[in-house]
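Chemist: got a predicted structure plus its sequence, pasted below:
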Amino acid sequence: MSDTNSAQQTKSVGIIGGGQLAQMLAQSVKHLNIQCTVLDPNPNCCATNTRGNCQQITANYDDQKALIKLAQSSTVVTYEFENVPGQGATLIEKHGSIHPSPKALSISQDRLSERAMFADLNIPTPPYAPVENLDQLRAALSTIGTPAILKSRTLGYDGKGQVLINDPSKAPQAWDTLGHVPAILDGFIEFTRELSIIATRSTQGHIEYYPLSENIHRGGILRLSKAPATNIDDNLANQAKTAAKNILEHFNYVGTLAVEFFQIQSDQGPLLLANEIAPRVHNTGHWTIEGAKTSQFENHMRAVLGMELGSPEPIGYSAMINLIGDEPRPGSMDAMPKAHIHLYGKEPRPGRKIGHITLNAPTQNELNALLERFTRIIG
Ligand code: AMP
């Protein structure tokens with residue numbers, strides 16, 4: 001094969017953002033000889049630790065020249081986080097190709113538009129009301145009641161930009177704490193558990209669904225995901241799949257998407273309330289690297305490149321534990337030879353996700369035993 005032919009056939013993916021998600025996206029397609037270029041302002045971003053198939057354009061996310069360069073030098077551009085400036089995505093679309101659709105990105109950047117989209121698609125959500133000022137907050141508290149959670153409409157993630165309100169008289173303090181920004185007030189849901197679904201849609205409109213994950217958050221940050229979640233009957237699985245399908249088709253979406261739910265007990269049985277979407281690979285799908293035939297990362301890359309999707313079928317049972325703030329003590333994991341440790345190469349800092357560990361076992365009982373052992377060793 002001539003050099004020109006092989007150059008034409010080398011596929012390359014541009015990724016806006018060079019964090020751990022970009023790192024895992026690049027790693028997932030190294031064996032397919034796919035090259036990646038991340039755009040990130042931090043010259044030490046962790047994605048470029050991925051030796052071999054990842055280079056970097058060091059520039060701000062709104063740097064027009066850099067965005068055009070990324071679009072023109074990549075087969076397709078994707079993104080690893082939601083807060084990509086909207087104009088950036090539109091600019092890429094003009095000069096190249098971008099997946100998932102910038103429309104999904106802009107809707108997911110605003111909690112109010114996201115909730116309106118759920119309503120349009122008949123997907124149940126917690127009760128909520130828009131809040132633009134203190135008077136509206138007081139009115140919303142009188143209809144929704146307490147406890148309730150005041151959430152900023154934009155730039156909120158991992159529980160940031162949220163204030164719990166236990167008493168309507170605390171409305172002024174809550175409004176001050178949030179910083180007087182446009183918000184929604186969410187009724188506090190006494191959920192049975194939190195679940196999420198990860199699904200990938202190809203350019204041909206074919207959808208692969210991963211089994212549901214059960215997720216445990218503390219302080220608004222994901223700590224643990226277990227998959228496949230137990231006690232999922234067809235009714236519950238179909239609620240999640242239908243919601244994901246409707247959202248994917250609504251946006252003519254290409255790539256991997258996550259939908260996060262609260263499971264509640266209703267008069268009609270277990271019901272899923274959608275809380276939010278992530279138009280990208282998601283932390284509650286990290287278990288798929290070792291726990292599924294094809295990971296969420298590889299399927300995302302396959303989708304955006306127009307390739308056939310791989311099987312999402314689970315391999316045994318998995319538990320993914322986030323490493324938050326610090327790495328395990330040196331030597332502490334020696335007694336856990338079956339643990340898959342992923343360190344992202346980030347400087348430890350309180351509250352920062354610096355890695356994750358996946359435990360995988362052929363049966364649920366064996367997984368539970370591994371988890372117990374892990375908790376005894378690591379705490
Ligand atoms: P979010 O940023 O909306 O994903 O919220 C982060 C976490 O806060 C969720 O995963 C839940 O654990 C909790 N949370 C958010 N909204 C609600 C709600 N309306 N009711 C109860 N818990 C919530």
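Modeler: That came through, no problem.
Chemist: which elements pack onto the one helix or strand D186 maps to?
Modeler: Element membership of D186, judged by DSSP states H and E, is strand 183-187. The elements that strand 183-187 packs onto, with contact taken as 3 or more Cβ pairs under 8 Å, 6 or more residues apart in numbering; DSSP states H and E, are helix 111-120, strand 128-131, helix 134-144, strand 148-152. For every residue, glycine as well, the C-beta is placed using N, CA and C.
Chemist: kindly calculate the angle that the longest one makes with strand 148-152.
Modeler: Here helix 134-144 points in a direction 140 degrees away from that of strand 148-152 (axes from the mean of the first three to the mean of the last three Cα atoms, to 10 degrees).
Chemist: which residues sit against helix 134-144?
Modeler: Outside helix 134-144, the residues within contact range by Cβ atoms under 8 Å, 6 or more residues apart in numbering are 127-131, 148, 150, 165, 168, 171-172, 174-175, 183, 185-187.
Chemist: and the strands in the stretch 101-250 of the chain?
Modeler: Applying DSSP state E, counting those that start in this stretch to the stretch 101-250 of the chain gives strands spanning 128-131, 148-152, 162-165, 183-187, 193-201, 207-209, 213-218, 221-227.
Chemist: pLDDT weak spots in this structure?
Modeler: Residue ranges of the chain with pLDDT under 70: 1-9, 50-51, 156-159, 379.
Chemist: restrict the contacts of helix 134-144 to those near the ligand?
Modeler: Among those, proximity to the ligand is found for D186 (Cβ under 6 Å from any ligand atom).
Chemist: could you pick out the buried ones from the contacts of helix 134-144?
Modeler: Listed as buried from the contacts of helix 134-144 are 128-129, 131, 148, 150, 165, 171, 174-175, 183, 185-187; burial here means 16 or more other Cβ atoms under 10 Å.
Chemist: residues from this structure in reach of the ligand?
Modeler: 126, 149, 156, 159, 186, 188-189, 194, 217, 220, 260, 275-276.
Chemist: show me what the strand ranked longest in the chain is packed against.
Modeler: Counting residues, the longest strand found in the chain (DSSP state E) is strand 255-266. With contacts defined as 3+ Cβ pairs under 8 Å, 6+ apart, the packing partners of strand 255-266 are strand 193-201, helix 234-250, strand 269-278, helix 296-304.
Chemist: in the stretch 251-379 of the chain, which spans are helices?
Modeler: Remark: helices assigned in the stretch 251-379 of the chain by DSSP state H, counting those that start in this stretch are 288-291, 296-304, 364-378.
Chemist: helices or strands next to the longest one in the packing?
Modeler: This points to helix 364-378. strand 317-324, strand 353-361.
Chemist: what about dumping the CA coordinates of stretch 213-221 to CSV?
Modeler: The C-alpha trace of stretch 213-221 is given here as CSV (Å, rounded to 0.1, in the frame of the first residue of the first chain):
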residue,chain,number,x,y,z
SER,A,213,-25.9,0.3,36.4
GLU,A,214,-26.9,0.9,40.0
ASN,A,215,-25.1,4.0,41.3
ILE,A,216,-24.3,5.3,44.7
HIS,A,217,-23.4,9.0,45.2
ARG,A,218,-22.2,10.8,48.2
GLY,A,219,-22.0,14.6,48.4
GLY,A,220,-23.3,14.7,44.8
ILE,A,221,-20.3,12.7,43.6
